[in-house]
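In: Mind folding the following:
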Amino acid sequence: MQRTEVTWKHAIIVWWSLMWRVTLYGSLAGGLAGFVIGIVLGVVGKGDSAEFSGQIAGFLAGIPVGIWVVKTILTKEFGRFRIAILPSTEAQLEKIVQERNV
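Out: Just a heads-up that it's a prediction; the model follows:
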């Protein structure tokens, strides 16, 4: 596989792709989770803890969304390049040694 030198332009493109998705989807998921928890706690009479619990629920909802966004970015093509996860040199050498010992 041919490697391409990482430039600032590449970094900005990947960063922007990550940031807008995390911001949009994280806000939607976090807002929805916070809203639902806040409403439920308000209805059952725990309104005093609804705001804090809603914030925690919103934060926690953002975690899997962030992970999903990173996974999405790792499979995306950015015009003339894409991000690839490759085995480390050490892992490649271990594989070669194992194949020779078989």
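In: Check the offset of the host helix or strand of residue 97 from the chain's centre.
Out: Element membership for residue 97 (DSSP states H and E) is helix 89-101. Here helix 89-101 shows a centroid-to-chain-centroid distance of 31 Å under the convention C-alpha atoms, centre = their mean, to the nearest Å.
In: So residue 41 is in contact with residue 53, correct?
Out: Yes: between residue 41 and residue 53 a contact is recorded at 5.7 Å, counting by C-beta atoms under 8 Å. Placement of C-beta: from N, CA and C, glycine included.
In: between the two, which one's more packed in?
Out: Taking other C-beta atoms under 10 Å, residue 41 and residue 53 do not tie; residue 41 has more neighbours (19 against 16).
In: Three-state assignment for residue 4, please.
Out: coil (DSSP: H, G, I helix; E, B strand; the rest coil).
In: mind listing what it touches?
Out: For residue 4, the contacting residues are 10, 81, by C-beta atoms under 8 Å, 6 or more residues apart in numbering.
In: in this structure, which helix has the most residues?
Out: Using DSSP state H to assign secondary structure, the helix with the most residues in the chain is helix 8-43.
In: Can you list the buried residues in that one?
Out: 14, 17-18, 21-22, 25-26, 29-30, 33-34, 37-38, 41 (16 or more other C-beta atoms under 10 Å).
In: Next: stretch 71-78.
Out: For stretch 71-78, a neighbour-count test (16+ other C-beta under 10 Å) marks residue 73 as buried.
In: next one: that stretch to chain centre, how far?
Out: 11 Å.
In: Just the CA coordinates for it, please, in CSV.
Out: Included here for stretch 71-78 are C-alpha records, laid out as CSV according to Å, rounded to 0.1, in the frame of the first residue of the first chain:
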residue,chain,number,x,y,z
LYS,A,71,-15.5,4.7,13.0
THR,A,72,-17.4,6.5,10.2
ILE,A,73,-14.4,8.8,9.5
LEU,A,74,-12.1,5.8,9.4
THR,A,75,-14.1,4.3,6.5
LYS,A,76,-14.6,7.6,4.6
GLU,A,77,-12.7,8.7,1.4
PHE,A,78,-11.6,12.3,1.4
